[in-house]
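**Q** Generate a structure from the sequence data that follows.
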Amino acid sequence: MTANNDHRKSYKEFFAKEYNKLVNYIYKYIDTRTYGIEPEDIIQDVALNIFDKLDFDSPIENIAGYLYRSIRNKIIDYQRKPVKDIPIENFIDENENNYLLKDLMDEIVDEENELKRSELKNSLRKALEQLKPDQQAVIFETEYEGISFEELSERWNVPIGTLLSRKHRAINKLKQIMNK
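**A** Model (predicted):
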């Protein structure tokens, strides 16, 4: 009888020690709002099954592996069940904000912004192609490569004023092209 009590005690200690890890493990695999179950419920269900059906005369050698596999199987059982309609209240926080809708809107806005950025890049690239080669070079070196006018002046043996003038004319031309 003391061997049974020792095994039962070691299982209880394991559950107490690993409880938070088990909860986090469950959160990785299941959205509690969708399935209407909390990790604590799954842990309690698995623990109850283990303690009800376990033969303490032949203890489990790897309780952690056995427990995590049992929890994963229970999660799979919930995931196999058809999902019922989820009340919208499940997605409203304490400030009455609907965070599901917010997440969806953020995703849509991100996609729209990415599309706009892509279109703007394409328009800008086409506009840059319409500039003179020396204007393109000044824009590319100063804006994309981050090279200073002083360094460009030394490298190209062109006065700084000329480089500034080229860039100014290039920017004005880009504005005209982009505003069409």
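**Q** Can you give me the domain boundaries for this structure?
**A** As recorded under automatic domain parsing, the domains making up the chain are 2-90, 99-178.
**Q** show me the residues around the closest residue to D45 other than its chain neighbours that make contact.
**A** Using CB to CB, 6 or more residues apart in numbering and skipping the chain neighbours, the partner closest in space to D45 is K74 (6.3 Å). Placement of C-beta: from N, CA and C, glycine included. K74 is in contact with 42, 45-46, counting by CB atoms under 8 Å, 6 or more residues apart in numbering.
**Q** again, but for Y19
**A** When contacts are counted by CB under 8 Å, 6+ apart, Y19 touches I43.
**Q** and if we set it to 10 Å?
**A** 39-40, 43, 47 (CB atoms under 10 Å, 6 or more residues apart in numbering).
**Q** Quick check: of these, which lies closest to E154?
**A** Closest approach to E154 among the contacts of Y19 (CB to CB): P39, at 65.1 Å.
**Q** In space, what's closest to the closest one - neighbours in sequence excluded?
**A** Closest residue to P39 apart from its sequence neighbours, by CB to CB, 6+ apart: I26 at 3.7 Å.
**Q** Over to E150. Which of the three states is it?
**A** Three-state assignment for E150 (DSSP: H, G, I helix; E, B strand; the rest coil): helix.
**Q** ok, how many other residues are close to it?
**A** Neighbour count of E150, defined by other CB atoms under 10 Å: 10.
**Q** Determine the number of other residues adjacent to the closest residue to it other than its chain neighbours.
**A** Excluding its sequence neighbours, the residue lying closest to E150 (CB to CB, 6+ apart) is I160, at 6.6 Å. Neighbour count for I160, taken as other CB under 10 Å: 13.
**Q** on that earlier part again, tell me, which of the domains of the chain is the model least confident about?
**A** By mean pLDDT, the lowest-scoring of these turns out to be domain 2-90, with a mean of 76.
**Q** Which secondary structure state does G146 sit in?
**A** Classification of G146 by three-state DSSP places it in coil.
**Q** backbone phi and psi for it, please?
**A** Phi and psi for G146, reported as degrees, to the nearest 10, are phi 70, psi 30.
**Q** What residues of stretch 31-48 count as buried?
**A** Across stretch 31-48, burial judged by 16 or more other CB atoms under 10 Å covers 35, 37, 39, 42-43, 46-47.
**Q** Can you tell me, leaving aside adjacent residues, what's nearest to E38?
**A** Spatial nearest neighbour of E38, excluding adjacent residues (CB to CB, 6+ apart): T32 at 5.6 Å.
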